[in-house]
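Peer 1: My questions are about this predicted structure, shown below with the sequence.
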Amino acid sequence: MATTERRSHSPDPALADARTEWTARELGQSLAQRPERRDRFESLSGLPVERVYGPDDVAGCDYLRDIGFPGRYPYTRGPYPTMYRSRPWTMRQIAGFGTAGDTNARLKYLIAQGQTGISIDFDMPTLMGVDSDDPRARGEVGREGVAVDTVDDLDGILEGIDIGRISVSMTINPTAWILFAMYLVIADRRGIPRDALSGTVQADILKEYIAQKEWLYPIPAGMRIVRDLIIYSVRHLPHYNPINISGYHIREAGATAVQEAAFTLANGIAYVDEVSRKGLSVDEFAPRLAFYFIAERDFFEEVAKFRAARRVWARLMRERFGAQKPESMRLRFHCQTAGSSLTAKEPLNNVARTALQALSAVLGGAQSLHANGMDEALAIPSELAMKVALRTQQIILDETGVANTIDPLAGSYFAESLTDRVEDGIWAYLRRIDELGGAVEAAKRNFFQAELADTAYGYQRRKERGDLVVVGVNKHKDAGGSPEIPFTLHEVDPGAEAQQQARLARVKRGRDSSKVERCLAELADVARGDDNLIPPTIEAVKAYATAGEIVKALRAVFGTYVEDPVF
């Protein structure tokens, strides 16, 4: 394990004397006249926030060792030397609802408005490998995302969109490898070479067992699928990120900023270990690992979290795994503003919340960003909400000037001290997780789950007491009750489910059922061994096997995960 020991420096006597004098005179007089708003100030995660910061708060920080230059180890200031001065972050607004045609129209609308990357949300049946004609899918088809049963559904979502030129992200986890296979089949159909494809599937299954609770198989099988996905991508898709190791859902489940970063990096360590056991050197695959973080409400803590996470990952990769390539040490991440921070009351306030959270992601050096819609606490985002969210990103880039220089908060006594504090907290958690045997064992023993339950409960209690202010909800509430919503909410077509079921029925009638059965049997045979699962999945997708049929075929081999709940 890398260390975080900092060099000690003797305090500057003149500075110490000046602080003592200021405390006794100016500060003392001011406090006598007007006490501070509260006895203790702290970050959202509970880290103490001092009244004022100065050189003595960063005395142990060595510029070249701890901060350095963008694109150079330890990458605190960003993974690339020029950052947004050469290439702005990818503006990747998420879209997904109803049928393939519905989502295709929304994607084209966003591209026309200046979106620079595609991100697709899928409905719950698709996420869980349940086909739209399954009784368990009733009432959920196309509601929380778009429905995908066969490769033609994904083809319809991407109809008229050049996937060889635009990055495609798919927010999907337990069935990620199936959607990935569909994506490759579509590219082959269109004659797009594999080296032209860019984007990601989320695929991070560990955070499902920890936080989001969307799983299919026991943990070893889930890890094997992710391993195979990473290895296949590295060997065949040189510009594709086969996984987004995700802290977003961990944070939404109640984590602090420190826990979000630490648990996400611990999962990253587990995936590196898993792939390495197949004989790949870390420099073969680590450059294609990507991350996914949240931008929450505590502005400076979020910036510090992003900077600290980059520094920790760089040190882990070099000191723990022996990485040699700079690309292996660079933590690159997508970011999304915090869905759980949005309020159904006074939803226009969410525009301000989202803008500030998006700004923290930019100042923290994100490579890709989704800004939430103002109405997401009420419904799937409307076109207006998505347009405002996209315009928010564009205003940050083109009007504020914050992207004209790299890591503009570097050198701030507060920002650097907070970055150090967050980093120290990350290392402390990583040591605890290592003592438990790593992230997989920690998840099996409910370590993460218990930590999240405790912090989530603490946040809720603070909101109920009013200690954690939510403007318009527990403070500055509208005395007359919530006003009418001043915009139209999005509504999913009630006929979408029937349309999707009819589409699936047509595909099933027109396919070669015996070929489907053969492909599924071959996939199950591969699963019983240790060969890569992606090639037989591609063949099954080509034969028009449904996602539900593929999931069922492997469930017969792998079994089903059953959680031991933590309360």
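Peer 2: Noted; the coordinates are in hand.
Peer 1: low pLDDT regions in the stretch 1-150 of the chain?
Peer 2: Per-residue confidence for the stretch 1-150 of the chain (pLDDT under 70) gives these ranges: 1-10.
Peer 1: Name the nearest residue to Gln499, ignoring sequence neighbours.
Peer 2: Distance criterion CB to CB, 6 or more residues apart in numbering; nearest residue to Gln499, sequence neighbours excluded, is Thr99 at 5.5 Å. (Each C-beta comes from the backbone N, C-alpha and C, glycine too.)
Peer 1: Now do that neighbour against Asp149, distance only.
Peer 2: Applying CB to CB, to the nearest Å, the value for Thr99 to Asp149 is 11 Å.
Peer 1: ok, those two, which is more surrounded?
Peer 2: Per other CB atoms under 10 Å, whichever of Thr99 and Asp149 has more neighbours is Asp149, with 29 against 25.
Peer 1: For the more buried one, give me phi and psi.
Peer 2: Dihedral angles phi and psi of Asp149 (degrees, to the nearest 10) take the values phi -110, psi -40.
Peer 1: Hmm, Gly129 and it touching each other?
Peer 2: No: between Asp149 and Gly129 there is no contact under CB atoms under 8 Å: 10.3 Å.
Peer 1: anything in contact with each of those two?
Peer 2: Applying CB atoms under 8 Å, 6 or more residues apart in numbering, one finds that Asp149 and Gly129 are jointly contacted by Ala547, Gly548.
Peer 1: avg pLDDT for the biggest strand by length in the chain?
Peer 2: For the chain, the strand with the greatest residue count under DSSP state E is strand 289-295. For strand 289-295, the per-residue pLDDT values average out at 98.
Peer 1: which strands and helices sit next to it?
Peer 2: Packing contacts for strand 289-295, counted by 3 or more CB pairs under 8 Å, 6 or more residues apart in numbering; DSSP states H and E, involve strand 243-246, helix 248-252, helix 257-276, helix 299-315, strand 333-337, helix 349-363.
Peer 1: Could you check how many residues crowd around Gly60?
Peer 2: When counting by other CB under 10 Å, one arrives at 14 neighbours for Gly60.
Peer 1: Please read the previous query as pertaining to Leu44.
Peer 2: 16.
Peer 1: didn't it look like it was pressed against Ala295?
Peer 2: No: taking CB under 8 Å as the contact criterion, Leu44 and Ala295 are not neighbours in contact, 11.9 Å apart.
Peer 1: Mind giving me the packing neighbours of the strand or helix carrying Val516?
Peer 2: According to DSSP states H and E, Val516 maps onto helix 513-528. In this structure, helix 513-528 packs against helix 534-542, helix 547-558, with contacts taken as 3+ CB pairs under 8 Å, 6+ apart.
Peer 1: Could you say which of the ones you listed is packed most deeply?
Peer 2: Across those, the average number of neighbours (mean count of other CB atoms under 10 Å) peaks for helix 534-542, which reaches a mean of 22.
Peer 1: Enumerate every residue touching Tyr429.
Peer 2: With the criterion set at CB under 8 Å, 6+ apart, Tyr429 makes contact with Val258, Gln259, Ala262, Phe263, Ala266.
Peer 1: and these, which are buried?
Peer 2: Val258, Gln259, Ala262, Phe263, Ala266 (16 or more other CB atoms under 10 Å).
Peer 1: Tabulate the residues you listed (TSV), appending distance to Met329 and pLDDT.
Peer 2: Shown next, in TSV, are the buried ones among the contacts of Tyr429 (distance: CB to CB, whole Å; pLDDT from 0 to 100):
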residue	distance to Met329	pLDDT
Val258	21	98
Gln259	23	98
Ala262	18	98
Phe263	20	98
Ala266	17	98
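Peer 1: can I get these in CSV with distance to Arg92?
Peer 2: Conversion of those to CSV gives the following (distance: CB to CB, whole Å):
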residue, distance to Arg92
Val258, 26
Gln259, 25
Ala262, 25
Phe263, 23
Ala266, 26
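Peer 1: Farthest pair within those?
Peer 2: The span of the buried ones among the contacts of Tyr429, defined through CB to CB, is set by Val258 and Ala266 at 12.1 Å.
Peer 1: Let me know how buried Asp134 is, in neighbour terms.
Peer 2: Burial of Asp134, expressed as a neighbour count using other CB under 10 Å, amounts to 17.
Peer 1: how about it, phi and psi?
Peer 2: Main-chain torsions, Asp134, degrees, to the nearest 10: phi -80, psi 140.
Peer 1: Contacts only, for it.
Peer 2: Under the criterion of CB under 8 Å, 6+ apart, the contact partners of Asp134 comprise Pro125, Gly548.
Peer 1: and the gap between it and Trp177?
Peer 2: Asp134 sits 20 Å away from Trp177, taking CB to CB as the criterion.
Peer 1: mind listing the helices for the stretch 301-450 of the chain?
Peer 2: Counting by DSSP state H, counting those that start in this stretch, residue ranges of the helices within the stretch 301-450 of the chain are 326-329, 349-363, 383-398, 413-435, 439-444, 447-465.
Peer 1: contact partners of the last one?
Peer 2: By that I understand helix 447-465. Defining contact as CB under 8 Å, 6+ apart, one finds that helix 447-465 is touched by 210-211, 250, 253-256, 259, 263, 432-433, 436, 439, 442-443, 468, 470, 474, 566-567.
Peer 1: Helix or strand next in line after that helix, which one?
Peer 2: As assigned by DSSP H and E, the chain's next helix or strand after helix 447-465 is helix 496-510.
Peer 1: ok, Arg190 touching Ile163?
Peer 2: Yes: using CB under 8 Å, Arg190 makes contact with Ile163 at a distance of 7.4 Å.
Peer 1: List the buried residues in stretch 241-258.
Peer 2: If you call a residue buried by 16+ other CB under 10 Å, then stretch 241-258 has these buried ones: 241-258.
Peer 1: Centre of the chain to the helix holding Val516, how far?
Peer 2: Here the centre of helix 513-528 is set off from its chain's centre by 33 Å, with CA atoms, centre = their mean, to the nearest Å.
Peer 1: For that helix, output the C-alpha coordinates as CSV.
Peer 2: Taking only C-alpha atoms (Å, rounded to 0.1, in the frame of the first residue of the first chain), the coordinates of helix 513-528 have been written out as CSV:
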residue,chain,number,x,y,z
SER,A,513,-35.5,-20.6,-33.0
SER,A,514,-33.2,-23.6,-33.4
LYS,A,515,-30.2,-21.4,-34.0
VAL,A,516,-31.1,-19.3,-31.0
GLU,A,517,-31.2,-22.5,-28.9
ARG,A,518,-27.8,-23.6,-30.2
CYS,A,519,-26.2,-20.2,-29.5
LEU,A,520,-27.6,-20.2,-26.0
ALA,A,521,-26.3,-23.8,-25.3
GLU,A,522,-22.8,-22.8,-26.6
LEU,A,523,-22.9,-19.7,-24.3
ALA,A,524,-23.7,-21.9,-21.3
ASP,A,525,-20.9,-24.3,-22.2
VAL,A,526,-18.4,-21.5,-22.3
ALA,A,527,-19.7,-20.3,-18.9
ARG,A,528,-19.0,-23.7,-17.4
